[in-house]
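Colleague: Okay, sequence plus prediction incoming.
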Amino acid sequence: MSLGGVVLLSSIAYLGVLFAIAYYGDKRADAGRSIIANPTIYALSMAVYATSWTFYGSVGRAAASGVGFLPIYLGPTLVAALWWMLLRKMIHISKAQRITSIADFIAARYGKSSLLGGLVTVIAVIGVIPYIALQLKAVSNSFILVLQYPEVVMPAKGRAVALIEDTALYVALLLGAFTIVFGTRHLDATERHEGMVAAIAVESIVKLLAFLAVGAFVTFGLYGGFADVFAQAERLPNIERLLTIGGPAGTYGSWASLIFLSMMSVLFLPRQFQVSVVENVNEQHVAKAIWLFPAYLLAINVFVLPIAFAGLLQFPAGQVDTDTFVLTLPMVHHQEALVLLVFIGGLSAATGMVIVETIALSTMVCNDLVMPVLLRWKALSLSTRRDLPQWLLRIRRGAIVLLMMGGYAYYRVAGEAYALVAIGLVSFAAVAQFAPAMLGGMYWRHGTRAGALAGLSLGFGMWAYTLLLPSFAKSGWLPIEFVQQGPFGIAALKPLALFGLRGLDEISHSMFWSMLVNVGAYAAVSLLGRQGIREHAQALLFVDAFRVASRSSSLWRGSASVDEVMALVGRFLGPRRAREAFAAHAARRGLVAVEGLKSDAELMHFAENLLAGAIGASSARVMIASVVKEEPLDMDEVLSILDEASQLIAYSHKLEQKSLELETATVELRAANERLKELDRLKDDFISTVTHELRTPLTSIRAFSEILNDHPDLEPARRAEFILIIVRESERLTRMINQVLDLSKIESGSAEWHATELDLRDVIRDAVSTTSQLVREHGLTLALALPDAAPPVRADRDRLMQVMLNLISNAVKFCSRGSGHIAITLQVLPQALQVDVRDNGIGIARVDHEIIFEKFRQVGDVLTEKPQGTGLGLPISRRIVQHFGGKLWVTSAPGRGATFSFTVPLPAAAGVTRSVEPIGETRS
């Protein structure tokens, strides 16, 4: 049998072994005995980063640029040092939020936006297709080479090959079929593929051993070691430039851009996110990956330069494609076994990438593109379909086929225009567009959904214009004038020299423009826009991931039938598998059977987690909500309250800033009016009081929320007591906020008024009745003196009721308990009705506020005349009375009580000029 036949059979056998490993890993996972709960396997699975690009392309790049191949591996090595802070945070967030893909991650951060998740999926698919094409090109070319053994004959370039004769097509179909069998045998309830991770770890070992074998053969078999290889390489032209930055190795700018690209790609390529975040079973495994993954990259690259230099020495220039040196060097020396091992190693590098990448992308396509559309259009008939598991599997399998065909189409259209490494860099530049939205989302709480959409859209558009379209032009699918002259002959729009920027290589040029518009749009739109409530809550959960719990199941409130929930899960996973999962959940809770389960928060959390693996976290939440009669009170809502409360603190800081401005004004006016000193003291008391009143409920909410978060096993009675306190303090905040908003609306003229003719005596009686319990609790007496008849007035009943309640409450507050007395009288004047609320409390000291009122209006304060301890009631009451043409004032002296009076004009006098006289006194 020819070597080609042996290679073909060996490849099929090797893929069968991988499938067996994956099958065994899944079975062990189903039995609860995971074989990947090991930090070494985790680190090896991350080596899926080393694809055909590494196995073949690194040598090709080293042959052309010497040490210029290093930036692609320096980037991951550098960023690995930050993984304990960066990658571990991504894992922590993903576990807490039940995130299953990079699209789900970004969408969840910005308010669980399905639109944003769909955009990320589109960018990932289009951006990664060239990378899939790279793998097809590498496997196809290497197989064609092996078929010619023992001759070394390069595959023809630039010649159109019929589809029926194209090896790449069969490679695409074979890898697609293998991926379908390998990764979509069933809907995974946790969206983890433990068998796949185990197989990828084995592949990482195989490709490393294969590359080390060919490296050792070249370095110690063909030459006498590293020193001999480099000594022989001195005969090569430009060898010094190959080993220094600034020549073929690339400029410092090129190195910087490539290092940045590789740093972002090792984090944000869909396959890297899949194995390093989604498939992670223990955050602590990151600690070992920090050094083991860079060590792997060092090992697989240690022989790159010796192989590249050996190829340049062995083959005349241009005779052999430099990307194939790893395979052609053993071939030309008739090392059949090594040729077979090298081909299997290259196949491992390609299949590992294709399997994980297409599984990750197919999940994104299904969960973030197809499912949201179908749920919105109600095209699934979710309540009746029984074949949903197979239906969803068909969507994922169809996505895998389309991805493979897309990679093959790019290979046919533009695959010959770039070397292996260049094709990979096109994809690296695409996924780097996720960096601002991802990193900003984890460390900048002010990033908004609109900002992320703008940044991703513009950055991706710039990438397509400066990299993707030129690749089509170089392949003849677009006019070459598009690159050389710019569209419509506009030189400033040349995609490779945009706006006259020259001196950069294609990748650096594209990265500069795409990241400039991406970061710029993300920051600018976020700063100019506002976050919604859900965005606020999600930002807090992501930015403060290690300090804030994402959800407290004990705070869930709602009702749902266990049978309905299990039936819903069964429609997606199958009834038998759903019942098995619920039975296992019941056993973990110490129950004998499923029937013993109660519809509580833990069950809803478990069911949602099951569904998330099948249809994505956002769609799972929608489906669970469809069978739950009431939304749970979860930590998202509590944290939303805290977030709104923090805005109140910020508002109090603004008030304090305004107080500083008022102090400056007071100093300027002190010489003219000594009375402003007393007013300045009253202003400080007012600011201090309001700030204290705001912070008191905020402190309570924070304290009890932290207790609930830190003590999940708190006894139910105690937990209920703390929740009640949080709710009560939240209501208190709400009242204060409503008062501020009410006063603001009145000041701005946007308040709603419903004036009718009414009897003011009825308003007074209702107010007295409403506050009677308060008066009795303080041991006070209240006397009411109303005339037998009073002409009607035209006013808003609810607003006047608010004035009366404020004045009565104010009087109660400053009367002595057990000996206080309040008297309310109504007088009929010639043009108005006058109400007096008199108390025998501590009284007030007279201060003329006319000057300070004007100064407060200049600096923008609105709470000017607030007497100590009265809340915002008096300012609101004053504005209400003024609105109806009346006035409000106070007469009093210290120790002799106070009388608050206001007038409401009679209809015949309503047209008189309205007074703006302020309350003239404040309490001592």
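Modeller: Now that the structure is in, tell me what you want to look at. Numbering: from 1, shown residues only.
Colleague: Flag the shaky bits of the stretch 151-300 of the chain, pLDDT-wise.
Modeller: 156-162, 183-192, 246-250 (pLDDT under 70).
Colleague: Residue 14 and residue 435, how far apart?
Modeller: 36 Å (C-beta to C-beta, to the nearest Å). The way it works is simple: take the backbone N, C-alpha and C, and place the C-beta from them, glycine included.
Colleague: Sorry, slip of the keys, the one I care about is residue 535.
Modeller: Per C-beta to C-beta, residue 535 is found 20 Å from residue 435.
Colleague: cool, residue 120 as well?
Modeller: Distance from residue 120 to residue 435, by C-beta to C-beta: 12 Å.
Colleague: Count residues in the vicinity of residue 17, would you?
Modeller: When neighbours are counted by other C-beta atoms under 10 Å, residue 17 registers 12.
Colleague: pLDDT of stretch 892-909, averaged?
Modeller: Taken as a whole, stretch 892-909 has an average pLDDT of 83.
Colleague: residue boundaries of the strands in the protein?
Modeller: With strands called from DSSP state E, the chain shows them at 755-758, 781-785, 793-796, 821-828, 832-839, 844-846, 888-892, 898-905, 921-923.
Colleague: And the residue nearest the centre of this protein?
Modeller: For the chain, the residue nearest the mean C-alpha position is residue 109 (2.1 Å; C-alpha atoms, centre = their mean).
Colleague: That residue and residue 536 touch, don't they?
Modeller: No: assessed by C-beta atoms under 8 Å, residue 109 is found out of contact with residue 536, at 11.8 Å.
Colleague: What score does residue 651 have for pLDDT?
Modeller: We have a pLDDT of 45 for residue 651.
Colleague: Please disregard the earlier target; I meant residue 536.
Modeller: We have a pLDDT of 80 for residue 536.
Colleague: distance of it from residue 506?
Modeller: For residue 536, the distance to residue 506 - C-beta to C-beta - is 41 Å.
Colleague: Just want to know which of these two has more residues nearby.
Modeller: Under the criterion of other C-beta under 10 Å, the comparison of residue 536 against residue 506 puts residue 536 first, with 22 against 18.
Colleague: neighbour count winner among residue 14 and residue 435?
Modeller: Taking neighbours as other C-beta under 10 Å, residue 14 and residue 435 compare with residue 435 leading, 22 against 17.
Colleague: looking at the strands of the chain, which is closest to residue 322?
Modeller: Closest approach to residue 322 among these is made by strand 793-796 (85.4 Å; C-beta to C-beta).
Colleague: List the contacts of that closest one.
Modeller: Strand 793-796 has contacts (C-beta atoms under 8 Å, 6 or more residues apart in numbering) with 753-758, 760, 833, 880, 884, 904-907, 910.
Colleague: Residue 822: which of the residues you listed is nearest?
Modeller: Nearest to residue 822 among the contacts of strand 793-796, with distances taken as C-beta to C-beta, is residue 760, at 17.9 Å.
Colleague: contacting residues for the closest one?
Modeller: Applying C-beta under 8 Å, 6+ apart, the residues near residue 760 are 790, 793, 800, 826, 833, 835, 904.
Colleague: Export these to CSV and append columns for neighbour count and distance to residue 565.
Modeller: Formatted as CSV, the contacts of residue 760 follow (neighbours: other C-beta atoms under 10 Å; distance: C-beta to C-beta, whole Å):
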residue, neighbour count, distance to residue 565
790, 17, 63
793, 25, 59
800, 25, 52
826, 17, 62
833, 22, 62
835, 25, 59
904, 23, 59
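Colleague: Quick one: closest of the strands of the chain to residue 87.
Modeller: Residue 87 sits nearest to strand 921-923 of all those, at 58.9 Å, using C-beta to C-beta.
Colleague: average pLDDT for the closest one?
Modeller: Mean predicted confidence for strand 921-923 is 39.
Colleague: how about the contacts of residue 760, which pair is most distant?
Modeller: Checking the contacts of residue 760 with C-beta to C-beta, the most distant pair is 790 and 800, at 13.2 Å.
Colleague: picking up where we left off before, quick one: contacts for the residue nearest to the centre of the chain?
Modeller: 437, 441-442, 447, 452, 538-539, 542.
Colleague: can you do 7 Å?
Modeller: Taking C-beta atoms under 7 Å, 6 or more residues apart in numbering, we find residue 109 in contact with 441, 538, 542.
Colleague: Then residue 145?
Modeller: Residue 145 makes contacts with 324, 327-328, as judged by C-beta under 7 Å, 6+ apart.
Colleague: what sits against residue 611?
Modeller: Residue 611 is in contact with 569, 572, 620, 623-624, counting by C-beta under 7 Å, 6+ apart.
Colleague: What's the local residue count around residue 896?
Modeller: When neighbours are counted by other C-beta under 10 Å, residue 896 comes out with 11.
Colleague: nope, residue 176 is what I was after
Modeller: When counting by other C-beta under 10 Å, one arrives at 22 neighbours for residue 176.
Colleague: Same check on residue 491?
Modeller: Residues lying near residue 491 (other C-beta under 10 Å) number 11.
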